[in-house]
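**Q** Need coordinates for the below:
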Amino acid sequence: MIARLRRGRVWLYLAALGPGLIAAAAGNDAGGIATYATAGAKYGYNLIGAMILIVISLSLVQEMCARMGAVTGKGLSDLIRERFGVRWATFATLALFIANTGTTITEFVGIGAAAEIFGIPRWIAVPPMAFLVWRLVTAGNYGRVEKVFLAMTAVFFSYIVAVFFAGPHWGDVAQAIVAPKLSLDPVFLNFFVALIGTTITPYIQLYTQASVVEKGVTPSDYKYERFEVIVGVLFSSLVSSAIIIATAAALFVPHGPQAINSAADAALALEPVAGPYAKILFAVGLFGASMLAAAVLPLSTAYAVTESIGFERGVSFSFKDAPIFVGLFTVLVILGAGVAMIPGVPVVALLLAVQVINGVFLPIELFFIMRLINDKTIMGRYANGWLYNLIAGAAVLAITLAVILMLVTLPFAS
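**A** Take a look at the predicted model:
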């Protein structure tokens, strides 16, 4: 009887897997892969320690958003509008809209880059994939297909294997974890903010909270959702850290600082595992991650905008029932695909620039999250405790200071 109860509890935890895992996997998208690969190729193991601190911050933010969704039954933009008014909700939504629009474009850039590895021009590959994403979501069939895209992102686990094949000096890795080498150099700060922006991407929090609400998670079964959020963060951070270490071992250690100029360059770290098939393996993962995020990003943006103005939203609604929600999702998909097909788009430079934009706008979202999670009129006994606030507040302060330093020193970047 006890064994049966334990098995039942295990299934409850497994059944919770969904929003947090998908959001975290979508975080390892085209922009994330380009940023992590560049971190390893340009700075070696130096950013691994900083990456661990960023991941801890991500887990705190994700957990708070999931908890707010379960307790209030409302999305983040909904809560901002109700507690701070329409003007502040409009300000927060506008910041998110700018960041998300840029990131949506990069997802279709990633789809095009994956296609080009297979020898298919992006102008041929991107339009049908954009239509597929749009159709799957608007027809209500995305729930089944997202599992396929999620499975494709598992290809990036091969970076974990590549780490051991590449033979990094684990003493150097440990030293980078214990004593990360940070710098006030403007170029470094710009990249550091990009690393923050791609790991704690603003849309991930919105998507997680909106999905928890739509999934119908309640405070009584929130512990299962919290488990799911933690699993998602661990999955994402394991892959991202492996990309940094494997790329550093394959490129930085033998050749010194290297530039990642294309998706093919980022695939080089997989050669110890896949040999001549490294590019193909990488392309499959890049395609799955980009397709997953190409749906999640416009959805999270549509959720945020419609929540902030109180309109109907949800993937179960038709255009007739929720014209703003479905219309905005459609416009973002068309815009993202259209820009991605422009000839001569500097892929990696665009991907990194968008992550910096994400990082710059992130403190705005974090400010509202911290205020809301401590509002006992909506959170009651589920509000943060003093220790949680101390840790989360320190993380938010550190992120904000990094962004301010980057903006102050940016004019001096060469």
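**Q** contacts, neighbours, all on C-alpha from now
**A** Fine.
**Q** Now stretch 183-193: average pLDDT?
**A** Stretch 183-193 shows a mean pLDDT of 88.
**Q** what's the answer for stretch 124-132, then?
**A** Over the span of stretch 124-132, the pLDDT mean works out to 93.
**Q** Mind listing residues that contact it?
**A** 108, 111, 112, 115, 291, 333, 334, 337, 340, 341 (CA atoms under 8 Å, 6 or more residues apart in numbering).
**Q** of the residues you listed, closest to residue 400?
**A** Taking CA to CA as the measure, residue 400 sits nearest to residue 108 out of these, at 29.3 Å.
**Q** Could you check how far that closest one is from residue 194?
**A** Here the distance between residue 108 and residue 194 works out to 19 Å (CA to CA, to the nearest Å).
**Q** quick one: low-confidence parts of the protein?
**A** Within the chain, the segments meeting pLDDT under 70 span 1-28, 140-153, 156, 314-318, 413-414.
**Q** For residue 320, what are phi and psi?
**A** phi -60, psi -40 (degrees, to the nearest 10).
**Q** And residue 108 and residue 194? Which one has more around it.
**A** A side-by-side neighbour count of residue 108 and residue 194, using other CA atoms under 10 Å, places residue 108 first with 32 against 28.
**Q** For the more buried one, pull up the helix or strand it's in.
**A** helix 86-117 (DSSP states H and E).
**Q** that older thread, so which of the contacts of stretch 124-132 wins on neighbours?
**A** That'd be residue 108 among the contacts of stretch 124-132, by other CA under 10 Å, with 32 neighbours.
**Q** Does it touch residue 342 like I think?
**A** No: Residue 108 is beyond contact range of residue 342, at 11.3 Å (criterion: CA atoms under 8 Å).
**Q** quick one, what contacts residue 399?
**A** 196, 363.
**Q** so how far is residue 54 from it?
**A** According to CA to CA, residue 399 stands 9 Å off from residue 54.
**Q** overlap in contacts of the two?
**A** By CA under 8 Å, 6+ apart, the residues touching both residue 399 and residue 54 are residue 196.
**Q** Just checking the distance from whichever strand or helix holds residue 124 to the centre of its chain.
**A** Residue 124 is located in helix 122-138, with elements delineated by DSSP H and E. On the basis of CA atoms, centre = their mean, to the nearest Å, helix 122-138 is displaced by 21 Å from the centre of the chain it belongs to.
**Q** State the helix or strand in which the closest residue to residue 61 other than its chain neighbours lies.
**A** When the adjacent residues along the chain are set aside, residue 61 lies closest to residue 205, with 7.2 Å between them (CA to CA, 6 or more residues apart in numbering). Secondary structure assigned from DSSP H and E places residue 205 in helix 202-215.
**Q** what's next to that helix, contact-wise?
**A** The set of residues that contact helix 202-215 without belonging to it, under CA under 8 Å, 6+ apart, is 19-20, 23-24, 27, 61-62, 65-70, 73-77, 96, 99-100, 296-297, 299-301, 303-304, 314, 358, 361-362, 365.
**Q** and the angle for that helix with helix 86-117?
**A** With axes from the mean of the first three to the mean of the last three CA atoms, to 10 degrees as the criterion, the two stretches helix 202-215 and helix 86-117 enclose an angle of 100 degrees.
**Q** Please name the residues that touch residue 357.
**A** Residues 99, 194, 197 are the ones in contact with residue 357 under the rule CA under 8 Å, 6+ apart.
**Q** buried residues in stretch 357-366?
**A** When burial is assessed from 16 or more other CA atoms under 10 Å, stretch 357-366 yields the following buried residues: 357, 358, 359, 360, 361, 362, 363, 364, 365, 366.
**Q** wait, which of those is closest to residue 176?
**A** Using CA to CA, residue 359 is the member of those that sits closest to residue 176, with 22.6 Å.
**Q** Checking the nearest residue to that closest one once chain neighbours are set aside next. Helix, strand or coil?
**A** If you skip the residues right next to it in sequence, residue 359 has residue 197 as its closest partner in space, 3.7 Å away by CA to CA, 6+ apart. Classification of residue 197 into helix, strand or coil gives helix, according to DSSP: H, G, I helix; E, B strand; the rest coil.
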